[in-house]
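Visitor: A predicted structure for the sequence below; I have some questions about it.
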Amino acid sequence: MAIKAVVWDIDDTIFDYTGADTEGLRRTLDDEGLPHGYLSAEDALRRWRELTDRHWARFAAGAVDFQGQRRDRVRDFLGRVLSDAEADAWFGRHVAHYEAAWSLFPDFLPAFDRLSGTHRHAVLSNSSIHNQDRKLRALGVRELFEAVICAAELGVSKPEAAAFLAACDALGLPPRDVAYVGDHPDVDARGAAEAGLTGIWLDRSGRGGRPELLRIAALGELPGLLGVDTRFGAPSTFG
């Protein structure tokens, strides 16, 4: 059975989340000053990334809501007791800098264009619809996707099979007809494969390994993997 649709992860797959978050924090530190206990901006950046991963995992596990993980991240980063309003205000100032640095990866639109005539498209993200729908619209690509499904509203997160199956249901397709592409080998590629989809790991950093997974180093490889021949407009035969 040929692959009929591609479901995409957003952050660090089509959108340069890490780059924007890093630049946004640098600008925040310029405005707010280096918090007590950090030796340098690089030290603070490393800690911010660690806290982002830790508190996002708590959110994905259902231990805290979306806004709560943001507040806890700020409190841990600053090392201070803050009210919800104070934590929200700090994060809001950071978000303004972060959003100013938003950009798509340059390989996304060319890859999408090569697939647009042969495949349907949707998004599955472990974030919230408010956050991701607004992001996609700001980046000018929301209309490219038939559906945007997010964990906060769905009530289940990747790598749980139910999250991937919800994306298939939104497209009205069985899992065998759907490929999922994302930057995390386990949360994205392995989770999708275990749910019956074709899971594809986008390994931008060239980590390698994981021979059990389908792996690409850039989105430009995706059309070829899915069997798209742009010379003749041939439909996909992958699957």
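Guide: In hand now; what should we look at?

Visitor: against which helices or strands is the helix of greatest length in the chain packed?
Guide: The longest helix of the chain (DSSP state H) is helix 41-60. Counting contacts by 3 or more C-beta pairs under 8 Å, 6 or more residues apart in numbering; DSSP states H and E, helix 41-60 packs against helix 17-32, helix 66-78. C-beta: built from backbone N, CA, C; applies to glycine.

Visitor: list the buried ones in it?
Guide: 44-45, 47-48, 51-52, 55-56, 59-60 (16 or more other C-beta atoms under 10 Å).

Visitor: now it: average pLDDT?
Guide: Averaged across helix 41-60, pLDDT comes to 92.

Visitor: just the C-alpha atoms of it, please, in PDB.
Guide: Written as PDB, here are the backbone C-alpha positions of helix 41-60 (Å, rounded to 0.1, in the frame of the first residue of the first chain):
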ATOM      1  CA  ALA A  41      25.300  33.400  29.000                       C
ATOM      2  CA  GLU A  42      26.300  30.000  27.700                       C
ATOM      3  CA  ASP A  43      26.000  28.400  31.100                       C
ATOM      4  CA  ALA A  44      22.500  29.900  31.400                       C
ATOM      5  CA  LEU A  45      21.600  28.700  27.900                       C
ATOM      6  CA  ARG A  46      22.600  25.100  28.800                       C
ATOM      7  CA  ARG A  47      20.500  25.300  32.000                       C
ATOM      8  CA  TRP A  48      17.500  26.700  30.100                       C
ATOM      9  CA  ARG A  49      17.700  23.800  27.600                       C
ATOM     10  CA  GLU A  50      17.900  21.200  30.400                       C
ATOM     11  CA  LEU A  51      14.900  22.700  32.200                       C
ATOM     12  CA  THR A  52      12.900  22.900  29.000                       C
ATOM     13  CA  ASP A  53      13.400  19.200  28.400                       C
ATOM     14  CA  ARG A  54      12.700  18.300  32.000                       C
ATOM     15  CA  HIS A  55       9.500  20.300  32.400                       C
ATOM     16  CA  TRP A  56       8.300  19.400  28.900                       C
ATOM     17  CA  ALA A  57       8.600  15.700  29.900                       C
ATOM     18  CA  ARG A  58       6.400  16.400  33.000                       C
ATOM     19  CA  PHE A  59       3.800  18.100  30.700                       C
ATOM     20  CA  ALA A  60       3.900  15.200  28.300                       C
END
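
Visitor: surely A195 meets F164?
Guide: Yes: the pair A195 / F164 is scored as a contact, 3.9 Å apart, by C-beta atoms under 8 Å.

Visitor: of these two, who's got more company?
Guide: Shown here are A195 and F164; by other C-beta atoms under 10 Å, F164 has more neighbours (27 against 22).

Visitor: work out the gap between the helix or strand harbouring the more buried one and the centre of the chain.
Guide: Element membership of F164, judged by DSSP states H and E, is helix 161-171. How far helix 161-171 lies from its chain's middle: 16 Å, per C-alpha atoms, centre = their mean, to the nearest Å.

Visitor: quick check: angle from that helix to helix 41-60?
Guide: For helix 161-171 against helix 41-60, the angle by axes from the mean of the first three to the mean of the last three C-alpha atoms, to 10 degrees is 80 degrees.

Visitor: one step back: adding distance to D16 as columns, could you present the buried residues of helix 41-60 in TSV?
Guide: Compiled in TSV, those are given as follows (distance: C-beta to C-beta, whole Å):
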residue	distance to D16
A44	20
L45	15
R47	21
W48	16
L51	20
T52	15
H55	21
W56	17
F59	21
A60	21
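
Visitor: could you list the low-pLDDT ranges of this structure?
Guide: For the chain, applying pLDDT under 70 flags the ranges 1, 229-239.

Visitor: run through the helices of it in chain order.
Guide: Listed in chain order, the helices of the chain (DSSP H) span 17-32, 41-60, 66-78, 84-100, 108-115, 129-138, 151-154, 161-171, 191-194, 222-225.
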